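K.L.:
Task: produce atomic coordinates for the following.
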Amino acid sequence: MFSKIIILLYLVFNFSCSQESRGSAAAIFASSSQDSTKIWAPKQLKKYYKDVDFSFRGEDLYDALAVATIANHTNILTYSKRHNYLYKIDAVPRQKDSVILMYTGEKRYWKEYVSGKNNYPVQTFNTEHVYPQSLIENTAKGDLHHLRVCNERTNTRRSNNPFTDGSGRYKLKYKSWYPGDEWKGDVARMIMYLSLRYDESFEDVGGLNLFLKWNAEDPVSEFEKQRNEQIFLVQGNRNPFIDNPFLATLTWGGPKAENLW
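P.N.:
Next up, the predicted model:
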C-alpha cells in the first residue's frame, strides 16, 4: 500500500512539473481531428496498455502513454548496473555471445566492454547515452531504453553533439551527428521515449520534426523489438514507439509512420 502511494505522489509531481515545463509547447501536439484511425493494442500487450485509451490524440495520448511508462518503470537502475543487463539486451539476434555496436553496426564479443573491473584482455566498446548524459539531471542516466554499446572511438566522436539529418553512414557534420540510415529510426524512438518518460527536451538534441521524419523513414527492426522485450523484463516498462511507431504520429503529427497494430 505504501509503495502505491509513493508511485501516485511521484506521478502527480512529475506531471505538474511536466505541464509547467511544456508551457506553449502544447502547440506541437497533433489535433484530435487530425487522424481518426482506430487502433488497439494486440493481445500480448493488452494487459500492459490496459489503462491507455487509444482513441486519444495529441497531448491526451502523450499523457496517457507517459503515465503507463512511468508507472510500469518499477526497477530504476543506477548507471553502474548496466553491465548486468546491457550485453544480453544488445545481443545479435540468435547469436547471444556477440553484441551489435550502435552507429557502426559492428559485431563484438560481449566480454569486450571497457571497464576497470573487466578482466577480459581485449576491450573495444563502451556505453553510449543516445540522449547525452551531460544533458540529463535525473535517473535517466541508468535507463536501458537509451543506453547502447558503441565503438569507443565512435562514441568519442559523437560526444554530446546534437543529431542532424543526412544520408548514408554515420558521420560528424559541423558539430552535429548523423547516426546513419540504419540507426536514425532507433535514435528517434529512443529520444521520444526520453521525452515521454522524463520530459526531456527535443530541441537540445536535434528537434521533434527531425525525429518524426526518422521515425517514419526507418521502420522498427527485429533488433529494436528484441531490446524492448528484454528491457521490459528488467525495468518493467516499454518504449511504446517501438511497440507501434504510429503512436508518435498520433501524438505529434508529422509524416505518417508505420502502424504495427
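K.L.:
Could you use CA atoms for every contact and neighbour count after this?
P.N.:
Noted.
K.L.:
helix, strand or coil for Glu128?
P.N.:
Taking DSSP: H, G, I helix; E, B strand; the rest coil as the rule, one finds Glu128 in the strand state.
K.L.:
Please name the residues that touch the spatially closest residue to it that is not a sequence neighbour.
P.N.:
Excluding the flanking residues, the one nearest Glu128 by Cα to Cα, 6 or more residues apart in numbering is Arg148, at 5.1 Å. Counting by Cα atoms under 8 Å, 6 or more residues apart in numbering, Arg148 makes contact with 86, 90, 101-102, 127-130.
K.L.:
Please render those residues as a markdown table that adds pLDDT to the earlier fields.
P.N.:
Converted to a markdown table, those look like this (pLDDT from 0 to 100):
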| residue | pLDDT |
| --- | --- |
| Leu86 | 98 |
| Asp90 | 98 |
| Leu101 | 98 |
| Met102 | 98 |
| Thr127 | 98 |
| Glu128 | 98 |
| His129 | 98 |
| Val130 | 98 |
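K.L.:
measure the residue nearest to Ser80 when sequence neighbours are not counted to Trp261 for me?
P.N.:
Closest residue to Ser80 apart from its sequence neighbours, by Cα to Cα, 6+ apart: Gly142 at 7.5 Å. Counting by Cα to Cα, to the nearest Å, the gap from Gly142 to Trp261 is 30 Å.
K.L.:
So which of those two has more stuff around it?
P.N.:
More neighbours surround Gly142 than the other of Gly142 and Trp261, with 18 against 13 (other Cα atoms under 10 Å).
K.L.:
quick one: pLDDT of the more buried one?
P.N.:
Looking at Gly142, its pLDDT stands at 97.
K.L.:
what do you get for Lys4?
P.N.:
pLDDT at Lys4 comes out at 43.
K.L.:
do Ala27 as well
P.N.:
The per-residue pLDDT of Ala27 was computed as 43.
K.L.:
try Ala30
P.N.:
For Ala30, the model assigns a pLDDT of 78.
K.L.:
ok, now the one 3 residues further on?
P.N.:
Note for Ser33: predicted pLDDT of 62.
K.L.:
who's in contact with Phe163?
P.N.:
With the criterion set at Cα under 8 Å, 6+ apart, Phe163 makes contact with 176-179, 205-206.
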